[in-house]
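what follows is a protein structure lacking sequence information:
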C-alpha cells in the first residue's frame, strides 16, 4: 500500500485554504483602512498645527500652498510634506477661502474621491462623498 495523498485530497486541501483566505481577506482590508484613517487624522492635525505656526510667524497670513511650509523661516516642516495614504502618493489637499481667512486641509478618504471646500463664512462643504477626512480653522472666531 502506497503512502501519500491523492489528487482529490490535495484539491480538497487547496479549496479549504482558498475559502479561508477569501473569508479573512476583507477583514485585513478593513484593518488597513482603519489604520490609514488614523494615520491621515494624525498627519492632518500635524499639518494644521504647521499652518497655524506659519500664520503666527508670517503677519497673520495663511500659506497659499502647503508647500510653502517647507521653505519658510523658521523651518516648520522638514524637507517633504506627508503623503495622503489614500491619494496614491499625492500630497494632502489644501484650500483657502476666497477671503483667505479660513482653510481646509483634507484627505480624499478611503473611497479615494472625497474633497472639501470652505467659503468666506467658514462653512465646509464635502464633495464627492462622505469619505473625506479634513481639518480646518472654520468655525473659530477670527479677527477681521
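Looks like it came in fine. Keep in mind it's a predicted model, so treat the numbers as computed, not measured.

list the contacts for residue 37?
109, 110, 133 (C-beta atoms under 8 Å, 6 or more residues apart in numbering). Any C-beta I mention is one placed from the backbone N, CA and C, and that applies to glycine too.

any idea which of the residues you listed is closest to residue 70?
Checking these against residue 70 with C-beta to C-beta, the nearest one is residue 133 at 22.2 Å.

rewinding a little: by neighbour count, which of the contacts of residue 37 wins?
Using other C-beta atoms under 10 Å as the neighbour test, the contacts of residue 37 are led by residue 109, with 26 neighbours.

list the contacts for the nearest residue to that residue once chain neighbours are set aside?
Distances taken as C-beta to C-beta, 6 or more residues apart in numbering put residue 131 closest to residue 109, at 3.0 Å, once the chain neighbours are dropped. Contact partners of residue 131, counting by C-beta under 8 Å, 6+ apart, are 86, 108, 109, 110, 111, 112, 113, 114.

tell me which residues in the worst-scoring helix or strand of the chain on mean pLDDT are buried?
Using mean pLDDT, DSSP states H and E, strand 124-127 stands out as the lowest-scoring helix or strand of the chain, at a mean of 85. Going by neighbour count (16 or more other C-beta atoms under 10 Å), the buried part of strand 124-127 is 124, 126.
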